[in-house]
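Engineer: Predicted structure and sequence below. I'll ask about it afterward.
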Amino acid sequence: MNDNIIFRGVWWLPNKPDEKVYGALIQTQFKNELLLETEDYGVRTIENYFDEKLKTNNIFLGESLHRQKITLMNVVAQYSSCYFPYAKGRFFIEYVFFGEHFKTPEDIKFKQIKTQYNHLPEWLNINGFKLNFGEEKNIFCRLEYKIPKEIKIKLNEKTTLKFSFGVVGPTNYVVVNEQKITQDTFVMFECVEKYNFKTYLHLNKVFRDFLTLATQKHTQIENIVGIIETKLVSKIVTFNIPKEIKIITRLNPIKKNTTSEILPFEMLFSFKDIEEDYESIIKNWFENYSKLGLLIHSYFEFIYNPDNNLEYTFLALIHALEGYHRVNYGGCYYGKKKYADEILPLLKKSIPENLAEGHKEALKSKLNYGYEYSLIKRLNDILTDYSTILDKKDTKKIKKHIPIIVDIRNYYVHQDTTTFHGTPKAKDVLKYTLLLKRIIEYSFFRNMGLNSEKIKKLMENYYSNHKLKNWHEVS
């Protein structure tokens, strides 16, 4: 196993500061795991780190050989071994905080967190460089750099999202053969009051999914820094100064994955595409994120794990659209109470008595939901909205495919062979999966507040650039 030792040091539980063990904080490159491997002489010390019931401790504290404070959160014991008098332990870790000791998860609070994502610079495409060639005699080029202005989006009364920029370089050495200026782009979440770290994790996840939707690429967190206030005491006065706490999680590995740059025309939409209404669009995404529920989970499972089984992806997207309709469209064939009082008793009485008890109970269970719309009805409703960006003839063509989509779904769920001789063809499942994906993208745009004309333009540009000129058709 190719392991990278990050820090060696001593480690202890917050309530047992005198019982320390030596060990190394490790990241495995193969599985992208964060591990703590401890070693000590004396079995008793190691065993104290294992909860007898759950074998887990929320917080470990540590100090590196260079005296840097470290906090480990969500620590799970994998195993311990002992060859007296030598003992060894191994622990999985979810979060690492460098620079401070937090004794409980509730103590881990920040007023600000800044995050770097792998495709954020390309999506924003904002920089402070100005390069001019040959403007003056004997001058090859002139490079100017000005840090771009911060972009603020007020998500709610308590939380603000900012697109911020930093710069590294140039150098000022005595002997210089080259100069380099590097611009960093990051997202800053700033809150009126200190928020628990888990709240920031949710905010980062919501924006990460937004960026993945925009770029159509797997977005990864590359760097997270939490900002706390620490007291600086002098002989005259005591005042608070900001202190940066570097955070490592399993989602932002120490060794960054090498990802190629993407160009604006390769994206579903870039910042420039939504620049006129960016504030309301991003705000709407955050506000409606929880409402989109299954739609978000299934769609991004498709993006983040493109090698998933095609049948699984097809079923997940169908299931997500069905749930999305239930929550956002509502409606039913018959009122729930009226159905239960007037229709359901008659249907249950019609069940033949000579059926097995298990069969009768299964039928009764299905009849309980007989007032709800069918899958065909739900897909037709969603497609009626989707058709606002299509021509009438294209809408009719697509609606003809809905029964086939439902038949494929029934085949996979119920193994219904009455419709298909053999199994559905992979190319058919793929084309319908891609259609469902486009319908979900349309639903996302709608929930972000884009009008039909803007949605049509964005989707036409994206799919045309990817050589899918007839993207709106099912061929």
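Structural biologist: Arrived safely. Numbering: from 1, shown residues only.
Engineer: Which residue ranges make up the domains of the chain?
Structural biologist: 3-103, 108-267, 290-331+373-465 (automatic domain parsing).
Engineer: tell me which element the nearest residue to Q112 once chain neighbours are set aside is part of?
Structural biologist: The shortest distance from Q112 to any non-neighbouring residue, by CB to CB, 6 or more residues apart in numbering, is to I227 (4.1 Å). The way it works is simple: take the backbone N, C-alpha and C, and place the C-beta from them, glycine included. When elements are assigned from DSSP states H and E, I227 belongs to strand 221-233.
Engineer: Mind giving me the packing neighbours of that strand?
Structural biologist: Secondary-structure packing of strand 221-233 (3 or more CB pairs under 8 Å, 6 or more residues apart in numbering; DSSP states H and E): strand 109-117, helix 197-215, strand 238-249.
Engineer: Of all the ones you listed, which one is nearest V10?
Structural biologist: Shortest distance between V10 and those, using CB to CB, is found for strand 238-249: 19.0 Å.
Engineer: what's next to stretch 345-357, contact-wise?
Structural biologist: Under the criterion CB atoms under 8 Å, 6 or more residues apart in numbering, residues 360, 363-364, 367, 370 lie in contact with stretch 345-357.
Engineer: Apologies, that question was intended for stretch 409-417.
Structural biologist: 311, 314-315, 318, 375, 407, 419-420, 423-424.
Engineer: got the residues you listed as a markdown table, with neighbour count and pLDDT columns?
Structural biologist: Converted to a markdown table, the contacts of stretch 409-417 look like this (neighbours: other CB atoms under 10 Å; pLDDT from 0 to 100):
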| residue | neighbour count | pLDDT |
| --- | --- | --- |
| E311 | 16 | 91 |
| F314 | 23 | 92 |
| L315 | 18 | 92 |
| I318 | 23 | 92 |
| L375 | 18 | 89 |
| D407 | 15 | 89 |
| T419 | 13 | 70 |
| F420 | 15 | 66 |
| T423 | 13 | 81 |
| P424 | 18 | 85 |
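Engineer: List just the nearest of these to I303.
Structural biologist: Closest to I303, out of all of the contacts of stretch 409-417 and judged by CB to CB, is F314, at 15.0 Å.
Engineer: Distance of that closest one relative to L435?
Structural biologist: To L435, F314 is 10 Å away according to CB to CB, to the nearest Å.
Engineer: Over to P14?
Structural biologist: From P14 to L435 the distance is 54 Å (CB to CB).
Engineer: could you dump stretch 114-133 to PDB, C-alpha only?
Structural biologist: The C-alpha coordinates for stretch 114-133 follow below in PDB (Å, rounded to 0.1, in the frame of the first residue of the first chain):
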ATOM      1  CA  LYS A 114     -13.200  29.500   2.400                       C
ATOM      2  CA  THR A 115     -13.100  26.600  -0.100                       C
ATOM      3  CA  GLN A 116     -11.300  26.000  -3.400                       C
ATOM      4  CA  TYR A 117     -12.900  23.700  -6.000                       C
ATOM      5  CA  ASN A 118     -11.100  22.200  -8.900                       C
ATOM      6  CA  HIS A 119     -13.200  23.800 -11.700                       C
ATOM      7  CA  LEU A 120     -14.200  27.000 -10.000                       C
ATOM      8  CA  PRO A 121     -11.600  29.200 -11.800                       C
ATOM      9  CA  GLU A 122     -12.700  28.000 -15.300                       C
ATOM     10  CA  TRP A 123     -16.400  28.400 -14.400                       C
ATOM     11  CA  LEU A 124     -16.000  32.000 -13.100                       C
ATOM     12  CA  ASN A 125     -13.400  32.900 -15.700                       C
ATOM     13  CA  ILE A 126     -12.500  36.100 -14.000                       C
ATOM     14  CA  ASN A 127      -8.900  37.200 -13.600                       C
ATOM     15  CA  GLY A 128      -6.900  40.400 -13.000                       C
ATOM     16  CA  PHE A 129      -4.300  39.900 -15.800                       C
ATOM     17  CA  LYS A 130      -3.700  42.400 -18.600                       C
ATOM     18  CA  LEU A 131      -1.100  41.400 -21.100                       C
ATOM     19  CA  ASN A 132       0.100  43.700 -23.900                       C
ATOM     20  CA  PHE A 133       2.700  42.900 -26.500                       C
END
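Engineer: picking up where we left off before, who has more neighbours, P14 and L435?
Structural biologist: L435 (20 against 16; other CB atoms under 10 Å).
Engineer: Just the pLDDT for that one.
Structural biologist: L435 carries a pLDDT value of 89.
Engineer: C-terminal to the helix or strand encompassing it, what's the next element?
Structural biologist: Here L435, judged by DSSP H and E, is contained in helix 426-447. Using DSSP H and E, the helix or strand that follows helix 426-447 in sequence is helix 452-465.
Engineer: any residues touching that following helix, and which ones?
Structural biologist: In contact with helix 452-465 (CB under 8 Å, 6+ apart) are residues 216, 265-269, 273, 388-389, 438, 441-442, 445-446, 450, 469, 471.
Engineer: now the lengthiest helix in the chain: how far from the chain's centre is it?
Structural biologist: Looking across the chain with DSSP state H, the single longest helix is helix 278-304. Once both centres are worked out by CA atoms, centre = their mean, to the nearest Å, helix 278-304 turns out to sit 10 Å from its chain's centre.
Engineer: quick one, the helix or strand that that helix is followed by and helix 426-447 angle?
Structural biologist: Reading on from helix 278-304 to the C-terminus, the next helix or strand found by DSSP H and E is helix 310-328. Computed by axes from the mean of the first three to the mean of the last three CA atoms, to 10 degrees, the angle separating helix 310-328 from helix 426-447 equals 30 degrees.
Engineer: tell me what helix 310-328 is packed against?
Structural biologist: For helix 310-328, the elements it packs on are helix 278-304, helix 375-386, helix 402-414, helix 426-447, judged by 3+ CB pairs under 8 Å, 6+ apart.
Engineer: So the nearest residue to G166 once chain neighbours are set aside: helix, strand or coil?
Structural biologist: Nearest residue to G166, sequence neighbours excluded (CB to CB, 6+ apart): D184, at 4.2 Å. Following DSSP: H, G, I helix; E, B strand; the rest coil, D184 is assigned to strand.
Engineer: who's in contact with D184?
Structural biologist: Counted by CB under 8 Å, 6+ apart, D184 has contacts 116, 165-168.
Engineer: Next, format those residues as JSON lines and append neighbour count, secondary structure and pLDDT.
Structural biologist: Below are those laid out as JSON lines (neighbours: other CB atoms under 10 Å; DSSP: H, G, I helix; E, B strand; the rest coil; pLDDT from 0 to 100):
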{"residue": "Q116", "neighbour count": "19", "secondary structure": "strand", "pLDDT": "94"}
{"residue": "F165", "neighbour count": "19", "secondary structure": "strand", "pLDDT": "94"}
{"residue": "G166", "neighbour count": "12", "secondary structure": "strand", "pLDDT": "90"}
{"residue": "V167", "neighbour count": "14", "secondary structure": "strand", "pLDDT": "87"}
{"residue": "V168", "neighbour count": "10", "secondary structure": "strand", "pLDDT": "86"}
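Engineer: Thank you kindly, that will do.
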